[in-house]
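In: Provide a 3D model corresponding to the input given below.
(one chain, ligands or ions: 1)
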Amino acid sequence: MKETILTGIRPTGNLHFGHLFGACNNWLKLQEKDYEFYLEIADVQALTDHFHEPEMVRRNVYELTTDILSIGIDPNKVHIFIQSTIPEIAELTVFYSNLVTMARLYRNPTVKTEIAQKKAIFGNDGESVTYGFVGYPVSQAADITSFKGSLIPVGEDQLPLIEQTREIVRKFNSIYGNILVEPKHFISKTARIKGLDGNEKMGKSLGNAIYLKDDEETITKKIMGAVTDPNKIKKDDKANPDICMVYYYHKLIENKNIETVCKECKNGERGCVACKKELINNMLEFLKPIHEKRQYYLEHQDEVKKVLEKGNSVAQKKAKETMAEIKKSMQINY
Ligand code: SF4
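Out: Presented below is the predicted three-dimensional model:
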């Protein structure tokens, strides 16, 4: 039997370079293998943090799907679906909530870290942390098991969430019979892409990202503001390309002249403005096929909606089948 892959992304913004060279890179490889592949647009999970911004989440469901199709995810190989169209996930979350203690949820390192971050932002003792937020590992277990996900691509920081799912599956199976599949993880070997400001992480909240949807003007502005070697003031100053984000991006998008860039930078034979302009041109060339596809899907939003309808329908069928087995085993199949 085919392994089932379940992965997801929250619709809270567009795809950026961090995604493209990270999770998306894996999706593109995995779709070429013989897996049953579900890609969840996790709108309900997005609402755990953004419950007060429903318009933003809804808009981003379509924006993100447009981006996903633009990078080459093939809807004939991947079931792209919206989490909220699968009521079984919410139902399972309730069933699973009896199988996990509050203490265990608070001990989950991923939850712990995020709660600490919230406390740091809101400066209180955790009053801003909602029940839904603490419980999201439970809803993630429901996501995975609704589709009998057996192989879950994750980053190292998400391993505790998968372990939580395994615990819930084991507990469920020990009480109700061997119905659920205990998922295996596989660590996606992805580079963490640095931001234009030199930050180790690229992110929306950090304002240091290049988005796949960025147009020429936006890209020009962002790259012209990128962090370079601060000791290089004049064109003929010798500099260190290894601490320059312009050089970093030249390398990332595989500039064929990378050795020349490096040599000229070190020898003080290259000005930063010219170097940035070269990057802008290469970046636009690199993004051209994505931009073209994106433009097509922007003009054909009906196709984007059809992709989601098809994905929703496949996911609904699978989740219904799983739920029928679960309810039977729990003796609530009235
Ligand atoms: Fe960076 Fe290019 Fe300036 Fe060197 S010349 S510091 S690589 S922008």
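
In: and L180, how far is that from T101?
Out: L180 is 19 Å from T101, where distance means C-beta to C-beta, to the nearest Å. Where C-beta positions appear, they are placed from N, C-alpha and C, glycine not excepted.

In: pLDDT-wise, which helix or strand of this structure ranks last?
Out: When the helices and strands of the chain are scored by mean pLDDT, DSSP states H and E, helix 109-122 comes last with a mean of 73.

In: Settle it for me: which of L180 and T101 has more neighbours?
Out: L180 (26 against 9; other C-beta atoms under 10 Å).

In: so where's the protein shaky on pLDDT?
Out: The model of the chain has pLDDT under 70 over residues 120-128, 188-191.

In: Can you give me the domain boundaries for it?
Out: 3-194+301-329, 204-294 (automatic domain parsing).

In: And those domains: which comes nearest the ligand?
Out: Distance to the ligand, taken as C-beta to the nearest ligand atom, is lowest for domain 204-294 among the domains of the chain, at 3.1 Å.

In: near the ligand, which residues of the stretch 151-300 of the chain show up?
Out: Applying C-beta under 6 Å from any ligand atom, we find that the stretch 151-300 of the chain lies next to the ligand at 228-229, 232, 239, 241, 244, 246-247, 261, 265, 270, 272, 275-276.

In: most surrounded residue in those?
Out: Neighbour counts for these peak at C265, which has 26 neighbours (criterion: other C-beta under 10 Å).

In: leaving aside the residues next to it on the chain, what's closest to it?
Out: P241 (4.4 Å; C-beta to C-beta, 6 or more residues apart in numbering).

In: what's near enough to touch I41?
Out: By C-beta atoms under 8 Å, 6 or more residues apart in numbering, the contact list for I41 reads 8-9, 11, 61, 64-65, 80-83, 308.

In: Need the winner for burial among the domains of the chain.
Out: Highest mean neighbour count among those (mean count of other C-beta atoms under 10 Å): domain 3-194+301-329, with a mean of 18.

In: for it, how far is the first residue from the last?
Out: Distance across domain 3-194+301-329, first residue to last, is 23 Å (C-alpha to C-alpha, to the nearest Å).

In: again with stretch 16-32
Out: End-to-end distance (C-alpha to C-alpha), stretch 16-32: 22 Å.

In: outside of it, which residues touch it?
Out: 5, 7, 9, 15, 37, 39, 68, 71-74, 77-78, 153, 155, 188, 190-193, 201-204, 209-212, 252.

In: got the phi/psi numbers for E32?
Out: Here is the backbone geometry of E32 (degrees, to the nearest 10): phi -90, psi -10.

In: next one: V154
Out: Torsion angles, degrees, to the nearest 10, at V154: phi -140, psi 160.

In: show me the contacts for the closest residue to it other than its chain neighbours.
Out: With C-beta to C-beta, 6+ apart as the criterion, V154 has its nearest non-adjacent residue at 5.1 Å, and that residue is H185. The contact partners of H185, taken as C-beta under 8 Å, 6+ apart, are 151-154, 159, 162.

In: Pick out the most distant pair among these.
Out: Longest distance between any two of those is 14.1 Å, between L151 and L159; criterion C-beta to C-beta.

In: for this protein, which helix is longest?
Out: Using DSSP state H to define each element, the chain has its longest helix at helix 301-330.

In: chain center to that one: distance?
Out: 21 Å (C-alpha atoms, centre = their mean, to the nearest Å).

In: What helices and strands are in contact with it?
Out: strand 36-41, helix 54-70, strand 78-82, helix 87-96, helix 136-146, helix 159-176 (3 or more C-beta pairs under 8 Å, 6 or more residues apart in numbering; DSSP states H and E).

In: packing partners for the third one?
Out: Just to be clear, that refers to strand 78-82. Using 3+ C-beta pairs under 8 Å, 6+ apart: strand 78-82 touches strand 36-41, helix 54-70, helix 301-330.

In: picking that back up, partners of the residue nearest to V154 in the sheet?
Out: For H185, the beta-bridge partners are I152 (DSSP bridges).

In: From Q140, how far out is it?
Out: H185 is 12 Å from Q140, by C-beta to C-beta.

In: Let me see the contact set for Q83.
Out: Q83 neighbours (C-beta under 8 Å, 6+ apart): 8, 40-45, 89, 143.

In: gap between stretch 159-179 and the chain center?
Out: On C-alpha atoms, centre = their mean, the centre of stretch 159-179 falls 24 Å from the chain's centre.

In: before we move on, what about stretch 104-116?
Out: 20 Å.

In: again with stretch 171-187
Out: 24 Å.

In: Stretch 69-85 now?
Out: The answer for stretch 69-85 is 13 Å, by C-alpha atoms, centre = their mean.

In: the inter-axis angle of the longest helix of the chain versus strand 78-82?
Out: 80 degrees (axes from the mean of the first three to the mean of the last three C-alpha atoms, to 10 degrees).

In: follow-up on the earlier one: the ligand next: which of the contacts of Q83 are close?
Out: Answer for the contacts of Q83 near the ligand: none qualify (C-beta under 6 Å from any ligand atom).

In: Tell me the one among these nearest to K119.
Out: Q45 (20.7 Å).

In: what's the spacing between the closest one and H19?
Out: Counting by C-beta to C-beta, the gap from Q45 to H19 is 16 Å.
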